[in-house]
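**Student:** coords please:
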Amino acid sequence: MIVKPSIAYDEFSGTAKDVTARVSKGRNVLSVRAKQSKVVTPAQASSRNNLSKISRAYKQLSDSQIKAWGILAEHLKGISTFGVAAELTPHNAFVRINSNRELVGMSLLMNAPEYKSDVPEVDYEDFWVTPTMILFAGIEKPQDSYKLFVKMSSGQSNGVNNGWSKTVIIAPGIDDDWGEANVTRIYNSTIGFAPQLGDKVFIELWWMDTETGFLGETMRLKASVKADSQVEGEVYEPRNEVTINNIVNTNLGSTFDKFILEQADGSPIMTCDVVCHIGGIVSGVDGDIDGLPDTYVGGRSYFPARGIGKCPYSIGLNESYVQWSKYWKSYQIAHRYSKYDEEFEMFGTSCMVNF
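**Tutor:** Purely as a prediction, here's the structure:
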């Protein structure tokens, strides 16, 4: 029989074609059977391939390695909804740790990492969720090996009180930028649209130790989309910096892996963090910029540069020249002294000069 009625308790359960019957809180509930979609997204395919690869790698472990993963599994026990410790096998621990590391592009760990202490919660001072910006400020990174994970929902009705099932990972392991994490661009790219004023957004934050694959406690936040910050109610003041997002173009096929030129407020002090690949025959790169705050003051500054290409570790001196005015909106990075490499990193702190 497809459906099995209970004469003693006047209940029935089972499946009849597309209808499933079950008992919930003393009542009979009928529902339509869910059908598995045959459409597989690229992200789903990639995730399944990674899990298969990790499971195959587990079969190559020695007995002593499996024993070590079993010891680690004892520390990674979870708590079920009934308050009973959920058992983890060595295989579960191996897959969990390496799946975490896979998200940030790390290689497989064949030997179980040493469990020393818990990864702490994310600590921050304030955050903004506006239609044009999503940013967390005052983030304190406990260790250099930690990366921040951010999970968020799309904008929900203000009457929604539980939207945690609607959150998706938008930032799978990012570094803070001088204590700030601006996830506006990746939020809009992942969700597809920006939240609107009055919406409610659900947020989850946690650290991951990339060396061990351990995750920290998840911090859950609810935020109503508004123009000022969620904690102090302040309007965000953009930092005086030029980043890779401000670069409109480069000349002769040159590219940047990283580009940050920042001014200290009310000071001629500049900090630099640039990684560049020169594409032409000239010893420099220039182009147009946009989107800088009105408070940015253009000028020249000089920083040490280190080769990372044909002449690794060669040291030279490079000039940074930013023009930001009504008539000129451009940047230039040029080699000025000593050994030159077409691929270089430029870094450090300097004083801005104008001449």
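**Student:** So, low pLDDT: which residues of this protein?
**Tutor:** In the prediction, the chain carries residues with pLDDT under 70 at positions 1-17, 25-26, 33-48, 78-86, 355.
**Student:** what's the domain layout of it?
**Tutor:** For the chain, the domain assignment from automatic domain parsing gives the residue ranges 3-32, 44-103, 126-224, 241-351.
**Student:** Nearest to residue 235, out of those domains?
**Tutor:** Nearest to residue 235 among the domains of the chain is domain 126-224 (8.9 Å), distances taken as Cβ to Cβ. Using the backbone N, CA and C atoms, a C-beta is placed for each residue, glycine as well.
**Student:** related to what we said a few turns ago, the domains of the chain into a markdown table, with extra columns for distance to residue 117 and mean neighbour count?
**Tutor:** Output for the domains of the chain, formatted as a markdown table (distance: least, Cβ to Cβ, whole Å; neighbours: other Cβ atoms under 10 Å):
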| stretch | distance to residue 117 | mean neighbour count |
| --- | --- | --- |
| domain 3-32 | 42 | 11 |
| domain 44-103 | 11 | 14 |
| domain 126-224 | 9 | 17 |
| domain 241-351 | 30 | 16 |
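**Student:** ok, for residue 325, nearest residue in space, not its chain neighbours?
**Tutor:** On the basis of Cβ to Cβ, 6 or more residues apart in numbering, the spatially nearest residue to residue 325 that is not a chain neighbour turns out to be residue 298, at 6.6 Å.
**Student:** helix, strand or coil for residue 188?
**Tutor:** Local secondary structure at residue 188 is given as helix here, using DSSP: H, G, I helix; E, B strand; the rest coil.
**Student:** The closest residue in space to it that isn't next to it in sequence: what's it in contact with?
**Tutor:** Once flanking residues are discounted, residue 188 sits nearest to residue 194: 5.5 Å by Cβ to Cβ, 6+ apart. Residue 194 is in contact with 131-132, 187-188, counting by Cβ atoms under 8 Å, 6 or more residues apart in numbering.
**Student:** Residue 194: what secondary structure?
**Tutor:** With three-state DSSP as the criterion, residue 194 reads coil.
**Student:** Just the residues contacting stretch 242-250, thanks.
**Tutor:** 185, 256, 258-262, 279, 285-292, 296, 322, 331.
**Student:** Then stretch 273-293?
**Tutor:** Counting by Cβ under 8 Å, 6+ apart, 238-240, 242, 245-261, 308-309, 320, 322, 324, 329-335, 340, 342-347 sit against stretch 273-293.
**Student:** So which of the residues you listed are in strands?
**Tutor:** Judged by DSSP state E, the contacts of stretch 273-293 include 242, 255-261, 320, 322, 324, 329-335, 343-347 as members of strands.
**Student:** Residue 195 contacts residue 188, correct?
**Tutor:** No. In terms of Cβ atoms under 8 Å, residue 195 does not count as a neighbour of residue 188; the distance is 9.5 Å.
**Student:** quick one on the thing from earlier: as a markdown table, the domains of the chain with distance to residue 114 would be great.
**Tutor:** What follows is those, written out as a markdown table (distance: least, Cβ to Cβ, whole Å):
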| stretch | distance to residue 114 |
| --- | --- |
| domain 3-32 | 45 |
| domain 44-103 | 9 |
| domain 126-224 | 8 |
| domain 241-351 | 32 |
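**Student:** Before I go, just wanted to say thanks for your time.
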